[in-house]
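Trainee: Here is the input, now give the coordinates:
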Amino acid sequence: MNAANDNSDLATRADELYAGRAAVAEARPDGIAPGVAEIAQLLGVTGRALSAEEQSALFANPRLRADYRRLNSRLTVFELPALAAASDGQVATRRFEGGSIRIHPSRVTGQTYVFVHFDAPDRVPAAMVLEHPTGEFMRRALPVDRAKGEAMLLLDSHNPEDAAFLRVLCDPRSTGAFLS
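Mentor: Have a look, this model is predicted:
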C-alpha cells in the first residue's frame, strides 16, 4: 500500500515537472513575449500598451494570438472591419455595424479630430482597439458623451502615439473593435 502511494506521488511529481519544463521550453529566452495577463491588461480598463517587440511576439505566436482573439471577442461591442478592396489611400470616414467614424483636420496645424458616433447610446463602448495587417496594434480609451452616443478624440501629429493611431485608423486595411 505504501508503494502504491509512492508511485502515485512519483507520477504526480513527474507530471508537475513535465508541465514546468514544457512551460519553460515554450517561453522565449528574451522574455519579450506577453502572456495572457498582459493581453488582459491591454484589452481591459488599464489599457497597458505593448512594446513593438511584444506586439511582434503576440502576432507571431499562434497560442497567444488565439488567447488575444478569445479575450477580445468577449469584450467586443462592435467590430470595425477593413474597408472594401476598392478602397485605396487614406480614409476620412468609416462605417461599422453600430455607428460611424469621421476624421476631420483641425484648424490648428498638425491636429486632427476623430468623431465616433454610436447609433445606440445605451451600447457605448469604453475603448477602441486597432490592428494593422503588419501586426501593429494599439488601444485608445474613448471619452464618450453617453447622452449623445458620441466620442471625440483630438490627435496631435507631433505626438508619436497619436500619429501612429491616426495612420492605422486611416488605413483602409486596418481592422478593430470597440470594447466594453
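Trainee: per-residue confidence averaged over stretch 134-154?
Mentor: For stretch 134-154, mean pLDDT is 88.
Trainee: can you dump the C-alpha coordinates of it into PDB?
Mentor: The C-alpha coordinates for stretch 134-154 follow below in PDB (Å, rounded to 0.1, in the frame of the first residue of the first chain):
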ATOM      1  CA  THR A 134       1.600  44.400 -40.400                       C
ATOM      2  CA  GLY A 135       0.900  43.400 -36.800                       C
ATOM      3  CA  GLU A 136       0.800  46.900 -35.300                       C
ATOM      4  CA  PHE A 137      -1.700  47.000 -32.500                       C
ATOM      5  CA  MET A 138      -3.000  49.900 -30.400                       C
ATOM      6  CA  ARG A 139      -5.700  50.800 -28.000                       C
ATOM      7  CA  ARG A 140      -7.400  54.100 -27.000                       C
ATOM      8  CA  ALA A 141      -9.900  54.900 -24.300                       C
ATOM      9  CA  LEU A 142     -12.900  56.700 -25.700                       C
ATOM     10  CA  PRO A 143     -14.100  59.800 -23.900                       C
ATOM     11  CA  VAL A 144     -17.800  59.300 -24.500                       C
ATOM     12  CA  ASP A 145     -20.700  61.600 -24.200                       C
ATOM     13  CA  ARG A 146     -23.200  58.900 -23.300                       C
ATOM     14  CA  ALA A 147     -26.300  61.200 -23.700                       C
ATOM     15  CA  LYS A 148     -25.300  61.800 -27.400                       C
ATOM     16  CA  GLY A 149     -23.700  58.400 -28.000                       C
ATOM     17  CA  GLU A 150     -20.600  60.100 -29.300                       C
ATOM     18  CA  ALA A 151     -16.900  60.200 -28.600                       C
ATOM     19  CA  MET A 152     -14.300  62.700 -29.700                       C
ATOM     20  CA  LEU A 153     -10.500  62.300 -29.900                       C
ATOM     21  CA  LEU A 154      -8.100  65.200 -30.600                       C
END
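Trainee: Can you mark which positions in it are buried?
Mentor: Using 16 or more other C-beta atoms under 10 Å as the test for burial, stretch 134-154 gives 136-140, 142, 144, 149-151, 153. (Each C-beta comes from the backbone N, C-alpha and C, glycine too.)
Trainee: Need the mean per-residue confidence for stretch 105-114.
Mentor: Averaged across stretch 105-114, pLDDT comes to 96.
Trainee: just to revisit the earlier point, the buried residues of stretch 134-154 in strands, which ones?
Mentor: 137-140, 144, 150-151, 153 (DSSP state E).
Trainee: Considering those residues, which is situated nearest to Thr76?
Mentor: Arg139 (12.6 Å; C-beta to C-beta).
Trainee: From Ala126, how far out is the closest one?
Mentor: Separation of Arg139 from Ala126 (C-beta to C-beta, to the nearest Å): 11 Å.
Trainee: Now do the shared contacts for those two.
Mentor: Here Arg139 and Ala126 share the contacting residues Leu179, scored by C-beta atoms under 8 Å, 6 or more residues apart in numbering.
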